[in-house]
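1. Make a model of this:
(2 chains)
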Amino acid sequence: MTHHDSPAVELTALTKSFPGRAGAVQAVRGIDLTVDRGEVVAFLGPNGAGKTTTLDLVLGLTSPTSGGVRVLGQSPRDAVRAGRVSAVLQTGGLLRDLTVRETVELIASTYAVHAPVDDVLRRANLTTVTSRKVSKCSGGEQQRLRFALALLPDPELLILDEPTAGMDVSARHTFWDSMHAEAAAGRTILFATHYLEEADSFAGRIVLVAGGRVVADGPTDVIRGRALGRTVAARLDLDLVDAAVSHLRSLAAVHEVRVDRDRLTVTTSDSDAVARALLNGLAARDLEVTTGSLESAFLALTGTTDTASEGAAA
Amino acid sequence: MTATTMTSPDRRPGPGRATPELGTTRREARSRGERTAYVRLELRRTVRDLVTMFFVVGLPAFMYVLFGASAGYSQENAGNGNVALYVMISMAAYGAVTATVGIGGTAAVERMQGWGRQLGLTPLRDGTYVATKAVVALVVAALPILVVYVLGVLTGAEGTATAWLGSAAILVVGAVMFALYGLVFGLAFRSESAVTAAGGSLVVLGFLGNIFFPLSGILLDIARFTPLYGYVSLARYPLTEGHVVDSQGGLVHEALWMSVTNVAVWTGIFAVLATWLVRRSRGRQ
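-> Below you'll find the model as predicted:
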């Protein structure tokens, strides 16, 4: 079988639990996800959402407790062996006493065929530090080295777990610039992050995870609106509440309106417009505008309090 | 005349012409994986670690010169050779096991510190990884043996060809069991300092192994059950044929099966421990 039409990643009812002191810890609690070829998908969630565990399962570094994983129509391990998938891991250890070039040569030797060493060093922006020892490299340089290693098999699917953790702003920019070039070359990219800005500026689709489950999945602009939105709360006269709710719900920038007796809580991407409508036309009092954190956005999206606060192992 | 002879090769179609290559332009350049690169880079890594190299090569060579070559008893008979050869084998053994303990230990530690995850993203199989490390261990173990034996040749160590070559072969192959010893330390304590401690413990095992000076009496009886004792006495067998000099200068004879059993039992113990520790660390993933 050639598997040319199969999706890049296909997860079905995937679960993973680890034995812990106080019984099993469920890191992944049933994830269904399909990533098509050519997509750039952000796996967005707070620490402990189960992102790293899910990516480990996709890469065959650990095996699922139940459920299925297919990568490019193959088992994860087969896809890795064939060099069709590779990854930049959050905590991928490097050998500190090797130089940058030696590290690339060492990993290159494990593949039957690979992209030329000089080529990946250039693409990962490492040409000026090739003879530097890994122990003398900055966090950003080490991360770019992991990226260079991931480019060696010329993979169809590239997985990145918190790729810019520990980088400063300019290193982050440089990193995402080189990633844009790889995406433009037609690679499927699945990356985990807890920075909404990164997901927003780079991914075409965001999969929001919390407590080991997918809590939202959709095009970036839609998810961003819901997650980045501000909350406007105000008190109204009781007899105006119904009319206010229906008016607010008709506004495009409004995602959600909740009512608690005379108090309205509006989630919106345009807090100015909502505030204006409430104050001018509806004689609102005690108006408050708050920016939700990502965590509170997760809570809003799941509508529950337990999933995100439980903090399953990452 | 000259013009026609110069242009004629160009008219000839042949493999040297550029056109056939143009048809096979590839999307991306590809290189072949170099199978030997892993071993080569691992060797380079080990050899340029000067502190390790001092303990592996420098110290045994120095001790041989001190206790073997320049000692007054060096030319006395020790079976199929002289005492210098006897001391030479002992010191080479110490260097060889120091090398393999270090390699086994760092292999365990680097895998647990995340390099294992990095290798998990490549087609490299566990078996290939172990084989690679074993080759590196054998080559590095051969270094002190080579250096000390060359010093032996230059400083008057004498013996039959069997004594020289047999002992060298046993030293190289037997040193691999101490890679398991290092592996056990690395797996159990998960830190670089544990590997250093494992190397340090070899000094104690070296004394008990009858390597640095001859033991006798009850200490010799206990020493027979320690791992380095079996390894060294096996390596000395081609020279002494089982005779051991004790600290009073007397001769004690030991049967071959004692050394063989010692090596076999300890190799078994290290292998079982290493396997158990690998299973334990897998369960935690």
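
2. Can you find the helix or strand of chain B with the lowest average pLDDT?
-> None of the helices or strands of chain B scores lower by mean pLDDT, DSSP states H and E than helix B:19-22, at a mean of 32.

3. Quick one: name whatever helix or strand follows it.
-> Once the chain leaves helix B:19-22, the next helix or strand it forms, by DSSP states H and E, is strand B:31-32.

4. Does that following strand reach chain A?
-> Yes. For strand B:31-32 and chain A, the contact criterion (CB under 8 Å from any CB of the partner chain) is met by B:Ser31, B:Arg32. Placement of C-beta: from N, CA and C, glycine included.

5. and that strand, what other elements does it pack with?
-> With contacts defined as 3 or more CB pairs under 8 Å, 6 or more residues apart in numbering or on different chains; DSSP states H and E, strand B:31-32 has these neighbours: strand A:113-114.

6. What are the contacting residues of the strand it packs on?
-> By CB atoms under 8 Å, 6 or more residues apart in numbering or on different chains, the surrounding residues in contact with strand A:113-114 are A:Gly83, A:Ala108, A:Leu152, A:Pro153, A:Asp154, B:Arg30, B:Ser31, B:Arg32, B:Gly33.

7. can you list those residues in TSV and add pLDDT?
-> Below are the contacts of strand A:113-114 laid out as TSV (pLDDT from 0 to 100):
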residue	pLDDT
A:Gly83	93
A:Ala108	94
A:Leu152	95
A:Pro153	94
A:Asp154	92
B:Arg30	72
B:Ser31	75
B:Arg32	70
B:Gly33	68
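
8. What's the end-to-end length of stretch A:154-166?
-> Chord length of stretch A:154-166, first to last residue, is 26 Å (CA to CA, to the nearest Å).

9. buried stuff in that stretch?
-> Going by neighbour count (16 or more other CB atoms under 10 Å in any protein chain shown), the buried part of stretch A:154-166 is A:Asp154, A:Pro155, A:Glu156, A:Leu157, A:Leu158, A:Ile159, A:Leu160, A:Asp161, A:Glu162, A:Pro163, A:Thr164.

10. In contact with the fifth one, which residues?
-> Remark: with contacts taken as CB under 8 Å, 6+ apart, A:Leu158 is in contact with A:Val85, A:Ser86, A:Ala87, A:Val88, A:Ala150, A:Glu182, A:Arg187, A:Thr188, A:Ile189, A:Leu190.

11. likewise A:Thr127?
-> Taking CB under 8 Å, 6+ apart as the criterion, A:Thr127 is in contact with A:Leu121.

12. how near is it to A:Leu160?
-> 21 Å (CB to CB, to the nearest Å).

13. Excluding chain neighbours, give the residue nearest to whatever residue of the stretch 51-200 of chain A ends up closest to chain B in space.
-> Closest contact between the stretch 51-200 of chain A and chain B, by CB to the nearest CB, is at A:Gly93 (2.3 Å). Of all residues beyond its chain neighbours, the one nearest A:Gly93 is B:Gly114 (2.3 Å), with distances taken as CB to CB, 6 or more residues apart in numbering or on different chains.

14. now do A:Arg146
-> A:Arg146's closest residue in space is A:Val88 (CB to CB, 6+ apart), at 4.6 Å.

15. what about that neighbour, neighbour count?
-> Neighbourhood size, A:Val88 [other CB atoms under 10 Å in any protein chain shown]: 26.

16. Any residues of chain B in contact with chain A? List them.
-> Applying CB under 8 Å from any CB, we find that chain B lies next to chain A at B:28-38, B:41, B:44-45, B:49, B:110, B:113-124, B:283, B:285.

17. which of those count as buried?
-> Looks like the residues of chain B next to chain A have B:33, B:37-38, B:41, B:45, B:110, B:113-124 buried, using 16+ other CB under 10 Å.
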